[in-house]
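Asks: A structural model of the following input is requested.
(one chain, ligands or ions: 1)
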Amino acid sequence: MTDLELMRLAEDARAYSYTPYSNFAVGAALLTKSGKVYTGCNIESASYTPTNCAERTAVFKAVSEGERDFAAIAVIGGPAGEKGRFCAPCGVCRQVLREFCTSDFRILLGTVEEVKVFTLEDLLPTSFGPSDLKGV
Ligand code: THU
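Replies: Presented below is the predicted three-dimensional model:
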C-alpha cells in the first residue's frame, strides 16, 4: 500500500460523510501494521457535540474489531461534493491517535496527488499519554 493509495481510500471514504451542518466532508484511511485498512468519515449530529471526526471513526472501527497496531493514517477534507484538500486532524483526534500510535506512526496529509508525511510528535508535541498513568 503506497501513501497515495491510502490517501485515495481516504478520499473515497469522504463520499459517506454525513455533514448536513458543516457541509465539510472528511475521509480517513487507517493502515494497520498487518496491512488492513479501516476507513472512516465524519458523522454530524443535530445537537452538534456528538459529531465524530473521520479519523476517530476509523480508529474506533479498527479498535472495536481488535486492531491496535497501526502504521499510518491518511486524512483529506473539504467542502462536500468537491475534491478533497489538505485537512489537518483536530486536537481531539490527535489525542486519540496518541493513545494507540507508536513513534514510527505516519500521518499523511494532503491531496490524492501529493501527500506530506508527519509524525505524531510533529502534530502533538510534549503530549500526555498512557505511560503518564503508569503506577497511579
Ligand atoms: N472534522 C473531521 O472529520 N476531522 C478533523 O480532524 C477536522 C474536522 C469534521 C468535523 C465536522 O464534521 C467537520 O469536519 C467540520 O468541523
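Asks: Against the ligand, how distant is the residue sitting nearest the centre point of the chain?
Replies: Central residue of the chain (Cα atoms, centre = their mean): residue 55, 2.7 Å from the mean position. Distance of residue 55 to the ligand, computed by Cβ to the nearest ligand atom, to the nearest Å: 6 Å. (Each C-beta comes from the backbone N, C-alpha and C, glycine too.)
Asks: Helices of the chain, start to end?
Replies: 3-13, 54-63, 91-100, 120-123 (DSSP state H).
Asks: Contacts for the last one, please.
Replies: When contacts are defined by Cβ atoms under 8 Å, 6 or more residues apart in numbering, helix 120-123 is touched by residues 88-89, 94, 97-98, 101, 103, 105, 107, 127.
Asks: switch the cut-off to 7 Å
Replies: Contact with helix 120-123 is made by 89, 94, 97-98, 101, 103, 105, 107, as judged by Cβ atoms under 7 Å, 6 or more residues apart in numbering.
Asks: Quick check: the farthest pair among those?
Replies: Of all pairs drawn from these, the one with the longest distance (Cβ to Cβ) is 89 and 103, at 17.0 Å.
Asks: who's more crowded, these two?
Replies: In this view residue 89 and residue 103 are compared by other Cβ atoms under 10 Å, and residue 89 has more residues nearby, 25 against 7.
Asks: give me every residue that touches the residue lying closest to the more buried one once chain neighbours are set aside.
Replies: Leaving aside its sequence neighbours, residue 89 sits nearest to residue 55 (Cβ to Cβ, 6 or more residues apart in numbering; 5.3 Å). Residue 55 makes contact with 28, 40, 73, 75, 89, 93, 97, according to Cβ under 7 Å, 6+ apart.
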